[in-house]
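Asks: build the 3D model from these lines:
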Amino acid sequence: MNGLPQTNFQPEDAINPVVRLAALASEDMGAVETLITERMDSQRSPLIPSVAQHLVNAGGKRIRPLITVAAARMLGYDGSGHHALAAAVEFIHSATLLHDDVVDDSQLRRGKAPANQVYGNAHSVLVGDFLFARSFILMVDAGSMQALHVLSRAAAVIAEGEVRQLEAVRDIDLSREAYLGIIEAKTAALFAAAAQVSPILSGAGPEMEHALETYGRELGLAFQLVDDALDYGGLAADLGKNVGDDFREGKMTLPLVLAVGEADDEERAFWTRVITEPNGQQDEDLEAAVAILKRRGALDATLAAARAHAANAVEALNAAPKNVWSDSLAALAEFVVERAY
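Replies: A predicted model of the protein is given here:
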C-alpha cells in the first residue's frame, strides 16, 4: 500500500482494520465501555452524564483506547489495569473535544450538533473539566504511577498544543516545522501515550516502551495530516465535520502552510485576504483555495507526509512480538492513510 511495509492481513481484512481490531478486542472494549458509562455518571448533577453521553455515545471509533487495549494484549498482559487506562485515554480525548468545540464554535462533531450547540458553552467546558478529573481517578485505579505520569504529561502537552494552534490562527507565515510541532502536541501526544502506557503496565521494559510511544506518535501525526487534507476535499459524513471548516476558521494546516510557501504574488494576496482578514472570505473562496492547493501539489504533499509517518509507525512495531495484535496495529496505521483515497 503506497510503499508501506505489508502485514499478514488478507484483502478482506483490510477493508476496515478499525472494525476488525474492535472485534478482536470486543471483550476488553466491553469492559472499557462499562467503565466509561459508570465513570461519566454523576450523583450530584444529572446534566453531567447527559452532556458527556452526547459526545461519548456519538459514534466515535475509540481508536485511542483500542490502541491501549491492543498493545497490552500484544505484550501478553493478562490483568485488568489496561481497561482503566483505556477509559482514561477516551475521557481525555472527549474532554479536549468538548473544549475544542467551544473554542472553535463548531457546528458539527461526529456528524451531529456538538454539545456546546445543544447545551451551551459553559456546560461543555465544565463537563470537559469533569471528564478530565475522572480520567485521573481512572489512572490511579490502574495502579501504575509511571502510567499516571505519562498520561498526565500528555494532558498537559495537549493543552499546550491547543494554545499554540490558537496562537497560529490566521498566521500565514507559520512554518512547516512549527505546524508539525503543534500537531505533535495537540493530536499525536495522546496517541503516543495511549500506546506507551501498555508496555509500562506489562513490565515490557524501556525498549518496548520507546517503540510503542514511537508507534503512537507517528500514527497520530499520520491521522492528523490525513484529516488536514480531507478538510479540503473529503465528505462531511466521513469527517464528522463540515468540509472547509479549517479554512473558514483561518486555521493553518499543512496543505495551507505548503501552498503559502510556494505562492506567487497573486496567490499570496489571495491567502492574505481569506486567512488573515476575519471577514475577508467570500462564498466561492473555498473552491478557489482547493484549486490553488491542487495546483501547488499541497494536498498530495500532505498525504505523502502522512504515508511516511504511517510507515514509521509500522516500522516501530518491528520491536514488538509478532502476533495477531501487532498485525492489527500495523494494519491500523495503513488504514489511517488509505481512508483518504
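Asks: just to be sure, residue 42 is in a helix?
Replies: No - applying DSSP: H, G, I helix; E, B strand; the rest coil, one finds residue 42 to be coil, outside a helix.
Asks: quick one: it and residue 53 touch, right?
Replies: No - the criterion here is C-beta atoms under 8 Å, and residue 42 misses it with residue 53 at 11.3 Å. The C-beta positions use only the backbone N, C-alpha and C, and glycine is treated the same way.
Asks: what separates the strand or helix carrying residue 305 from the chain centre, distance-wise?
Replies: In this assignment (DSSP states H and E), residue 305 forms part of helix 298-316. Distance, stretch centre to chain centre, for helix 298-316: 15 Å (C-alpha atoms, centre = their mean, to the nearest Å).
Asks: remind me what the following helix or strand past that helix packs against, helices and strands.
Replies: For helix 298-316, the following helix or strand on the C-terminal side (DSSP H and E) is helix 324-338. Helices and strands touching helix 324-338, by 3 or more C-beta pairs under 8 Å, 6 or more residues apart in numbering; DSSP states H and E, are helix 17-24, helix 63-74, helix 206-230, helix 298-316.
Asks: list the buried residues of the third one.
Replies: Buried residues in helix 206-230, counted by 16 or more other C-beta atoms under 10 Å: 208-209, 211-230.
Asks: packing partners of that helix?
Replies: Of the remaining helices and strands, those touching helix 206-230 by 3+ C-beta pairs under 8 Å, 6+ apart are helix 63-74, helix 176-183, helix 189-202, helix 236-239, helix 254-261, helix 298-316, helix 324-338.
Asks: now do the contacts for the closest residue to residue 174 other than its chain neighbours.
Replies: Leaving aside its sequence neighbours, residue 174 sits nearest to residue 252 (C-beta to C-beta, 6 or more residues apart in numbering; 4.6 Å). The contact partners of residue 252, by C-beta atoms under 8 Å, 6 or more residues apart in numbering, come to 168, 169, 170, 171, 172, 174, 179, 275.
Asks: from these, which land in strands?
Replies: Among those, no member falls in strands (DSSP state E).
Asks: of the residues you listed, which is the nearest to residue 334?
Replies: Using C-beta to C-beta, residue 179 is the member of the contacts of residue 252 that lies nearest residue 334, at 24.0 Å.
Asks: could you check how far that closest one is from residue 155?
Replies: To residue 155, residue 179 is 22 Å away according to C-beta to C-beta, to the nearest Å.
Asks: likewise for residue 322?
Replies: For residue 322, the distance to residue 155 - C-beta to C-beta - is 33 Å.
Asks: pretty sure residue 25 contacts residue 71?
Replies: No - under the criterion of C-beta under 8 Å, residue 25 is not in contact with residue 71, lying 10.5 Å apart.
Asks: just name the shakiest helix or strand of the protein by mean pLDDT.
Replies: Lowest by mean pLDDT, DSSP states H and E among the helices and strands of the chain is helix 236-239, with a mean of 45.
Asks: following it, which helix or strand shows up next?
Replies: As assigned by DSSP H and E, the chain's next helix or strand after helix 236-239 is helix 245-248.
Asks: burial count for residue 257?
Replies: 23 (other C-beta atoms under 10 Å).
Asks: my error: substitute residue 20 in the last question.
Replies: Going by other C-beta under 10 Å, the residues that sit close to residue 20 add up to 20.
Asks: now do the contacts for residue 80.
Replies: Counting by C-beta under 8 Å, 6+ apart, residue 80 touches residue 31.
Asks: for it, give me the pLDDT.
Replies: With respect to pLDDT, residue 80 scores 95.
Asks: and residue 68, by the same measure?
Replies: Looking at residue 68, its pLDDT reads 98.
Asks: next one: residue 139
Replies: For residue 139, the predicted pLDDT is 96.
Asks: how about residue 3?
Replies: Here the pLDDT value assigned to residue 3 is 39.
Asks: where in the stretch 201-341 of the chain is pLDDT low?
Replies: Where the stretch 201-341 of the chain drops to pLDDT under 70, the residues are 234-242, 340-341.
Asks: again, 50 this time
Replies: Applying pLDDT under 50 to the stretch 201-341 of the chain flags the ranges 235-237, 239, 341.
Asks: give me the neighbour count for the nearest residue to residue 321 once chain neighbours are set aside.
Replies: Sequence neighbours aside, residue 74 is the residue nearest to residue 321 in space, at 6.0 Å (criterion: C-beta to C-beta, 6+ apart). For residue 74, the neighbour count with other C-beta under 10 Å is 25.
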